[in-house]
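In: This is a predicted model, with the sequence first.
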Amino acid sequence: MRLNEHPILDFSLRRGREVTIYFEGKPVKAHEGETISMALHAAGIRVLSHSSEKHRPRGLFCAIGKCSSCLVKVNGIPNVRSCITLVEDGMRVEMQKGKEELPKTAKPPEWKDAPKFEGDVVIIGGGPAGLMAAINAADAGARVILIDEQPMLGGQLVKQTHKFFGKREQFAGVRGIKIAEILEEEARKRENIQIFLETSAVGVFQEGDEKLVIAVRKNRELLEFRGKSLVVATGAMEKMIPFENNDLPGIYGAGAIQTLMNTYGVKPGDRVLIVGAGNVGLILAYQLIQAGVEVKAIVEAMPKVGGYFVHAAKVRRLGVPILTRHTILRAEGRERVERAVVAQLDENWRPIPGTERVFDVDVIALAVGLRPSVELLHQAGCQLLYIRELGGHVVRRDERLETTISGIFVAGDTAGIEEATTAMLEGKVAGIAAALKAGVASPDWLKEIEKAQRDLEEFRSGPFGRHVLEGIKKVMIGGSE
Amino acid sequence: MRSEAKTVIIGGGIIGLSIAYNLAKLGESDVVVLEKSYLGNGSTFRCGTGIRQQFGDEANIRMMKRSVELWKGMKDELGCDVEFKQSGYLFLLYDEEELRSFKANVKLQNRFGVPSRIISPDEAKMIVPPLNTEGVIAAAWNHTDGKANPFRAVFAYANAAKRLGVKIYEYTEARDIKVEEGRIKAVLTNRGEIRTGRVINAANAWAPIINRMAGVPIRIPIEPYKHQGIKTEPIKPGQIEPMVISFKHGGVYLTQEANQGGVIGGYELKYGPTYDITPTYEFLRGVSYRFTQLIPALKYVNVIRIWGGYYAETPDGNAAIGRIEELDEFYIAAGFSGHGFMLAPAVGEALAELIVDGKTEKPLWFYDPYRFERGELREQAIQMG
């Protein structure tokens, strides 16, 4: 079901011409500008594939191209990420059943040189960190290439309908979706920024002093990008927690639900249980209610709510119970979520028998944290460390966010899980530092780096930042190890 | 860590571990294995997984025939499923000259009981349904060749050796070897000294460094070359069962993992000598081109991994295995030139016999480490998969 009325969002602007795609041979109405899985979800289709070993039904999970839960076969080609591939009129989509068989007749591909693009600074990821890196590197004099595998710029800002905190110059009081629009406009009006969307960076190589990024556009075209320096701002992916049937269609990462309802205007379901009472879980509850979805409860394993008090108070006022010291035991349902069973935990985190409660829900939202998407940095050979405070494996870097490989920089959630405001500030630091490294920026820009570093310090000085600062200390090159 | 051992093996790849296991099996369990990184990291975990008997000389054919017998029994002998599968090796032949030389090889292989044969392109297509047979005039096929999981094989040998009393020390690097009057006295490591009278150099790519430490007085030319491999996302297992090889396409080889279904392989592109194994785009492009020439439908399949590893090469592409007479006691089993994984079971068994019994029936003479010094190079072994 598509959402048409929304207190904040107007989806009519985003929905393009109506087209028809075919799922398992049956026609499905879709709109240009929608991804395959969004269109299918709007048509009530939840099962997109079957797992390879136990043939269990699988559906969407992350909705941003970071997991393999929504792989489908498109026009005969297997393993297509349906969540980031746009619909095209007449597209044939088939459910993927386990591992696919190759067609027996196929012609060798036409082999030609890949199109080549050159810049001073290549930036992977067009979210808050990547956009700020691009804008600042460009202003510092660099020719910038910005690539992102999503069909739109803005990263996760495009689904943040809430207003930001912080200082005015850091967009306080502005909704995330609006910040995305402002940053996109700024990036697009700079002639020295070349933008490539629907383009997945798949490898980073060193060619002499140059960085070579190879990427695949729209699942079919290989592109080569060369630059003197590289900023990796590939964001993060949602964590999963273990419980029985945690792979049933209808169990989504919190971000996936925001993508469905806030970006594409697709109603995620009718009744939701949220797991995790951090800020993401709390904000999600509020956004679901805005979209006309019932939130049955939020369960939180910790003894108290992790997110800001204001968010929790708002959710409670709307009548949503927050059950602390509770966890999800299992999901139930045949091909999709029909119920969720939760239980109270004792001091040793064990479920207390007899406290089980059944919630009649069709969606379970997991808001249990994020981990940095460091795959490309790892592949490039940057040194990684596991830092709990930063959400998982992160790269070692210096104060200008340069990694252990000269000329490769990191920014945003890829550098450690924080939030959009710090991502933007880090993007600024990394973008300018990358332009300086490329030898195109004047040393005057060092002042701008210092200013952004001070802003970061100030932003992190609160109680939530202390944790992050502990983590950063451990990964800083030259710092304590 | 032990301060004394009868035997110290330097190198925790499949060769060193197979030797350790086989020594212990023959009752010589006072063995220490030193690995400067983690087990398998040098070459074994980076290999192409293939196991073949289709060689062009008697010694390699016989050694590999024994190896295949051991691979077959490994699950029972070592108590771990190493995912060995006799899924065959298929050499695609594109012209009369290739066909002639493979016919001669097949004849030799048959003489030693390897059931290889020349088959038609249609038969090849039946074995590998998505194969592109355009231009193929025939293929050399042996169904008793195969593949195994190098990760499982390393741990299978390591665990079996440990059960028999072998001590394995990871992140323990041999820094020097103490020799007095032609006798091995001790191995110095970053974690201390181990007194010993016997060293086995199983360091493959790093073997020349170990030889220098011991002062090996003969020339054993082994040089590390960077080769690379890729793996694709999994597809339905069983579609590309054998190792498929084409010399016409730059020595490309590829197969599907038996259980997971990813397509794994590489081609002849090499760099070096070098200890740098950073993957290159040149390889990625080259291998993608060659894979899709052989199996065109792979154009729909994504590459998920690329890595570099070593071929520790000798001038004739055959390993140096044997005792160095001038040093009491120093053995070498290194320079496998890309065949170490497949040969490991037979090499471990043969070298253990040589050490314990003073002789072996297996043709270790072929790998005589003195042949370089004497200028008696072997015919170049096929370096593939």
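Out: Here it is on my side, so go on. Since the structure is predicted, the reported quantities are computational estimates derived from the model, not experimental observations.
In: Helices of the stretch 1-150 of chain A, start to end?
Out: A:36-42, A:128-139 (DSSP state H, counting those that start in this stretch).
In: Comparing those helices, which comes out most buried?
Out: The highest average neighbour count among the helices of the stretch 1-150 of chain A, using mean count of other Cβ atoms under 10 Å in any protein chain shown, belongs to helix A:128-139 at a mean of 30. The way it works is simple: take the backbone N, C-alpha and C, and place the C-beta from them, glycine included.
In: Against which helices or strands is that helix packed?
Out: Under the contact criterion of 3 or more Cβ pairs under 8 Å, 6 or more residues apart in numbering or on different chains; DSSP states H and E, the helices and strands touching helix A:128-139 comprise strand A:121-124, strand A:144-147, helix A:176-189, strand A:193-196, strand A:229-232, helix A:420-437.
In: Show me what the fifth one is packed against.
Out: Based on contacts counted as 3+ Cβ pairs under 8 Å, 6+ apart, the elements that strand A:229-232 packs against are strand A:121-124, helix A:128-139, strand A:210-217, strand A:408-410, helix A:420-437.
In: and what of the second one?
Out: Here strand A:144-147 is seen to pack against strand A:121-124, helix A:128-139, strand A:193-196, strand A:221-227 when contacts are counted using 3+ Cβ pairs under 8 Å, 6+ apart.
In: picking up where we left off before, who wins for proximity to residue B:237 among the helices of the stretch 1-150 of chain A?
Out: Between residue B:237 and these, the tightest spacing by Cβ to Cβ is seen for helix A:36-42, at 26.9 Å.
In: Chain B against chain A: which residues are in contact?
Out: Neighbours of chain A within chain B, by Cβ under 8 Å from any Cβ of the partner chain: B:129-130, B:132, B:233-237, B:239, B:261, B:278-281, B:284, B:289, B:292-293, B:295-303, B:306.
In: coming back round to it: of all the helices and strands packed on strand A:229-232, which lies closest to residue B:267?
Out: Go through those one by one with Cβ to Cβ and the one that ends up closest to residue B:267 is strand A:210-217, at 18.3 Å.
In: and residue A:310, how far is that from residue A:304?
Out: To residue A:304, residue A:310 is 15 Å away according to Cβ to Cβ, to the nearest Å.
In: before we move on, the earlier item: which one of the helices of the stretch 1-150 of chain A has the lowest average pLDDT?
Out: Set side by side, the helices of the stretch 1-150 of chain A give their lowest mean pLDDT on helix A:36-42, at a mean of 95.
In: How far off centre is that one?
Out: 18 Å (Cα atoms, centre = their mean, to the nearest Å).
In: Contacts for that helix, please.
Out: Taking contacts as Cβ atoms under 8 Å, 6 or more residues apart in numbering or on different chains, the residues outside helix A:36-42 that touch it are A:1-2, A:21, A:23, A:28-31, A:34, A:48, A:60, A:63, A:70, A:72, A:74, A:80, A:82-83, A:85-87, A:91, A:93, A:259-260, A:264, A:266-268.
In: try 7 Å this time
Out: Helix A:36-42 is contacted from outside by A:1-2, A:21, A:23, A:28, A:30, A:48, A:60, A:63, A:70, A:72, A:82-83, A:85, A:87, A:93, A:260, A:264, A:266, using Cβ atoms under 7 Å, 6 or more residues apart in numbering or on different chains.
In: burial count for the nearest residue to residue A:116 once chain neighbours are set aside?
Out: If you skip the residues right next to it in sequence, residue A:116 has residue A:224 as its closest partner in space, 4.7 Å away by Cβ to Cβ, 6 or more residues apart in numbering or on different chains. Other residues within reach of residue A:224 by the criterion other Cβ atoms under 10 Å in any protein chain shown amount to 18.
In: Could you do residue A:341 as well?
Out: A count of nearby residues for residue A:341, using other Cβ under 10 Å, gives 18.
In: Would you verify that it is located in a strand?
Out: Yes - checked against DSSP: H, G, I helix; E, B strand; the rest coil, residue A:341 lies within a strand.
In: Columns distance to residue A:343 on top of the helices and strands packed on strand A:229-232, output as TSV?
Out: Converted to TSV, the helices and strands packed on strand A:229-232 look like this (distance: least, Cβ to Cβ, whole Å):
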stretch	distance to residue A:343
strand A:121-124	42
helix A:128-139	38
strand A:210-217	45
strand A:408-410	40
helix A:420-437	34
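In: what's the closest of those to residue A:396?
Out: Once the helices and strands packed on strand A:229-232 are compared by Cβ to Cβ, strand A:408-410 is nearest, at 9.6 Å.
In: List the neighbours of that closest one that are in contact with it.
Out: In contact with strand A:408-410 (Cβ under 7 Å, 6+ apart) are residues A:211, A:229-232, A:377, A:380, A:382, A:395, A:397, A:401-403, A:430, A:433-434.
In: And the furthest pair within those?
Out: When those are compared pair by pair using Cβ to Cβ, the farthest-apart members prove to be A:380 and A:433, with a separation of 17.0 Å.
In: who's more crowded, these two?
Out: For residue A:380 and residue A:433, the more surrounded residue by other Cβ under 10 Å is residue A:433, and the numbers stand at 29 against 23.
In: Disregarding residues adjacent in the polypeptide, which is nearest to the more buried one?
Out: Of all residues not flanking residue A:433 in the chain, residue A:400 sits nearest, at 3.8 Å (Cβ to Cβ, 6+ apart).
In: What residues does the closest residue to residue A:388 other than its chain neighbours make contact with?
Out: Sequence neighbours aside, residue A:471 is the residue nearest to residue A:388 in space, at 7.3 Å (criterion: Cβ to Cβ, 6+ apart). The neighbourhood of residue A:471, defined by Cβ under 7 Å, 6+ apart, consists of A:387, A:389, A:390, A:416.
In: With respect to chain B, which of those is nearest?
Out: Proximity of these to chain B, judged by Cβ to the nearest Cβ, is greatest for residue A:387, which lies at 21.9 Å.
In: Now for residue A:394, how many residues are close by?
Out: 28.
In: Show me how the record splits chain A into domains.
Out: Structurally, chain A divides into domains by automatic domain parsing as follows: A:11-97, A:116-237+A:371-475, A:251-369.
In: what bridges to residue 117?
Out: I'll assume chain A. Partner residues in beta bridges with residue A:117: residue A:225, with DSSP bridges as the criterion.
In: ah, no, chain B please
Out: Taking DSSP bridges as the rule, residue B:117 bridges to residue B:141.
In: Quick one: residues in contact with stretch B:89-96.
Out: B:50, B:52, B:54, B:99, B:102, B:124, B:127-128, B:135-142, B:145, B:242-246, B:248.
In: Distance of the closest residue to residue A:381 other than its chain neighbours relative to residue A:239?
Out: Distances taken as Cβ to Cβ, 6+ apart place residue A:405 nearest to residue A:381, at 6.1 Å, with adjacent residues excluded. Here the criterion is Cβ to Cβ. By it, residue A:405 lies 27 Å from residue A:239.
In: Residue A:60 too?
Out: From residue A:60 across to residue A:239, the span is 16 Å (Cβ to Cβ).
In: picking that back up, quick check on the contacts of helix A:36-42: which are buried?
Out: In terms of neighbour count (16 or more other Cβ atoms under 10 Å in any protein chain shown), the buried residues within these are A:2, A:21, A:23, A:28, A:30, A:48, A:60, A:63, A:70, A:72, A:82-83, A:85, A:87, A:93, A:260, A:264, A:266.
In: tell me which element the nearest residue to residue B:27 once chain neighbours are set aside falls in.
Out: Once flanking residues are discounted, residue B:27 sits nearest to residue B:356: 7.3 Å by Cβ to Cβ, 6+ apart. The secondary structure element spanning residue B:356 is helix B:340-357 (assigned by DSSP states H and E).
In: What is that helix packed up against?
Out: Helix B:340-357 sits against helix B:14-25, helix B:58-78, strand B:330-334, with contacts defined as 3 or more Cβ pairs under 7 Å, 6 or more residues apart in numbering or on different chains; DSSP states H and E.
In: so which of those is the most packed in?
Out: Comparing the helices and strands packed on helix B:340-357 by mean neighbour count (mean count of other Cβ under 10 Å), helix B:14-25 comes out on top with a mean of 29.
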